[in-house]
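>>> Return a 3D structure for these sequence lines:
(one chain, ligands or ions: 1)
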Amino acid sequence: MLRCRAGVATIAPGWRLSEFIAPTTEAAVIDATLWDCVAVKAVAAMAEGGNQSLGAASQGHEAAESVRFLSELRWAGEQRKVQAEAFHRAGFSPPGNAGSFAAMMAAQAGAQVLANGSAIHPSSSPPTSFSPPRARAQSQSVPLSAPRLLTPFDTGDIKILLLENVSQGAVKMLKEQGYQVDFHTKAWSEEELIQNIGQYHAIGIRSKTKLTSKVFRAAHKLLVVGCFCIGTNQVDLESAAKAGVAVFNSPFANSRSVAELVIGEMIGLSRQLGDRANEMRQGTWNKVSKGCYEVRGKILGIVGYGHIGSQLSVLAEAMGMHVIYYDVVPLMPLGSAKQVPTLNELLGTADFVSLHVPELAETKNMIRAEQIKAMKKGAYLINNARGTVVDIPALVEGLKSGHLAGAAVDVFPKEPAASGPGTFSDELNSWASELCKLPNVMLTPHIGGSTEEAQRMIGIEVSDALIRYMNFGGSVGAVNFPEVDLRAITEADSRVIRICYVHQNQPGSLRAVNEILGSFNVDKQHSDSHKDVAYLMADISGVSENDVREIYDRISKTNANILTRLLS
Ligand SMILES: O=C(O)[C@H](O)COP(=O)(O)O
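Prediction:
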């Protein structure tokens, strides 16, 4: 019971706090802060142990106590929420209880995470035995029950294939969900994938494993792909969407690592560090200053001012460099950087040109003989983006002629599937040995994002996206798929199931599915489309066990069906 000046109101688990502060009662005459605090205390107490009696609001001393207690409680809750969100954004689990997946889910969904780690979720529905107050507040509500972990219906044990040595943190997170995880350090060929993919519900890859339309045709159980990297060009995104497979990546967790590598490469090139280090290994002491420079005061030209390019811009300015950048869209410069209108202007101005563009048809051979010629004499070219962006034979010519003073290349048109001696050879790329012989060329095996920090953050971020999609159906962040989500089903919501329906984006498809759902109480629903594919999530309540099979069968037989999942 929650006692107030207006008399007595009853509050029970699952009921919204905001409905108790509706201005339709005399509660409105009570100081809003005090009222809010008292109500929150009642809610918090009940979150721990069911209904409580509070007689504080009308009694000065206790009211003051409540204010103090609740201010602390709310402050702590807010801090944990802010912290949880910040950690999530940074790709980490928050520490302590708030680090549990449920708490992280709650934080993502805007829930208050209490100091004891339990979550007061803003989204649970009231129990049906309660009649709603007249004025239902639209503002954020504070229900009492933690989000319920959902389990898929009819999917069997979830099996996940992880390739390319993704972080052990990801392996751990996925195993903790009870999934069966098969972990491999190398990339698989198309043939290997076609033979084996049929048994997996999810696959995690990095930049080397190619997921082609043929692979998706063989992937009968596949629900989701996690690219544990930034790039998604290795995945046929359209085929994935048409097969009802959502694809997630980590859009920026390795940006800092790549940006730092470029800084190292700029200094390495302008001091010819690669050559000096190699000579020393061969016993040659070659102390030279000719052709070696500081980077201070030099002009860095960044092509592509996204997450990596902009990080690099800040770091380079901190070393006293001048930064210009070229991007296809106008972007706000950081620090004193300046956007230039054309690639050619950048090439003709910069001492260092660093590429940070995705692999697209438009970026294929973006830097070829003509662009290399347009660069300043004595400039350096750095490519940590994608191997297809630079025409390497043209680069070889530019270096041999002495027009360029050096280059750093981390990415190649064809890259070996696994690490090991002899894998970077002319068999793979016909010009490999010629490139290796050139002076002041730093070649690295696609290690831009390969740091402990980046891999850990990517591991958490992408695993979280996979878990969210598989367990809860939320597709926010997918790169090829409609982005849909629903607030959580909570422990207090009984007999509620979640429908996840991926379907053709065609007229009549929603009518067909809603005819089926119409016999039940649709608690909430959200749908969206992306090109030819649409995705609907709906929570329906009052469903018996017998209904579940029937709902599944009927929805999966609709004309537009691509993939139907039920979670309960
Ligand atoms: O796409 C990326 O994030 C980078 O190219 C790194 O790819 P990797 O994870 O395969 O090293």
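
>>> Walk me through the domains of the chain.
146-249+451-481, 255-282+292-415+430-443, 484-567 (the TED database).

>>> Can you add distance to the ligand, mean pLDDT and mean neighbour count and give those domains back as JSON lines?
To be clear about C-beta, it is placed using only N, CA and C from the backbone, and glycine gets the same treatment. Below are the domains of the chain laid out as JSON lines (distance: least, CB to the nearest ligand atom, whole Å; pLDDT from 0 to 100; neighbours: other CB atoms under 10 Å):
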{"stretch": "domain 146-249+451-481", "distance to the ligand": "3", "mean pLDDT": "94", "mean neighbour count": "20"}
{"stretch": "domain 255-282+292-415+430-443", "distance to the ligand": "7", "mean pLDDT": "98", "mean neighbour count": "19"}
{"stretch": "domain 484-567", "distance to the ligand": "22", "mean pLDDT": "94", "mean neighbour count": "18"}
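
>>> and the ones you listed as a markdown table, adding distance to Pro421?
Below are these laid out as a markdown table (distance: least, CB to CB, whole Å):
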| stretch | distance to Pro421 |
| --- | --- |
| domain 146-249+451-481 | 15 |
| domain 255-282+292-415+430-443 | 14 |
| domain 484-567 | 44 |
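
>>> Indicate which one of those domains is closest to Phe424.
The minimum distance between Phe424 and the domains of the chain falls on domain 255-282+292-415+430-443, with 5.9 Å, by CB to CB.

>>> end to end, how far does the closest one reach?
End-to-end distance for domain 255-282+292-415+430-443, by CA to CA, to the nearest Å: 20 Å.

>>> Also stretch 322-342?
By CA to CA, the extent of stretch 322-342 from end to end equals 17 Å.

>>> what's that stretch in contact with?
Stretch 322-342 is contacted from outside by 297-306, 309-310, 313-314, 316-317, 343, 345-346, 349-350, using CB atoms under 8 Å, 6 or more residues apart in numbering.

>>> in the stretch 301-450 of the chain, which spans are strands?
With DSSP state E, counting those that start in this stretch as the criterion, the stretch 301-450 of the chain has strands at 322-326, 338-339, 352-355, 379-383, 404-409, 441-443.

>>> quick one: which of the ones you listed is nearest Gly283?
strand 441-443 (21.2 Å).

>>> Could you tell me which strands the closest one is paired with, and in which direction each runs?
strand 404-409 (parallel) (DSSP bridges).

>>> Tell me how many other residues surround the residue in the stretch 351-500 of the chain that the ligand sits nearest to.
Distance from the ligand to each residue of the stretch 351-500 of the chain (CB to the nearest ligand atom) is smallest for Gly449, at 3.6 Å. Applying other CB atoms under 10 Å, we find 26 residues neighbouring Gly449.

>>> all helices for the stretch 201-350 of the chain, in order.
Listed in chain order, the helices of the stretch 201-350 of the chain (DSSP state H, counting those that start in this stretch) span 213-218, 237-242, 255-270, 273-281, 307-318, 343-349.

>>> mind checking how far Arg495 is from Thr564?
19 Å (CB to CB, to the nearest Å).

>>> same check, this time on Lys210
Separation of Lys210 from Thr564 (CB to CB): 28 Å.

>>> now do Phe216
18 Å.

>>> Same question for Gly473.
Taking CB to CB, one finds Gly473 at 11 Å from Thr564.

>>> can you list residues touching both of those two?
Common contact partners of Gly473 and Thr564 (CB under 8 Å, 6+ apart): Cys500.

>>> Is the nearest residue to Asp523 once chain neighbours are set aside bridged to anything, and to what?
Nearest residue to Asp523 in three dimensions, chain neighbours excluded: Asp539, at 4.4 Å (CB to CB, 6 or more residues apart in numbering). Counting by DSSP bridges, Asp539 is bridged to Arg498, Lys524.
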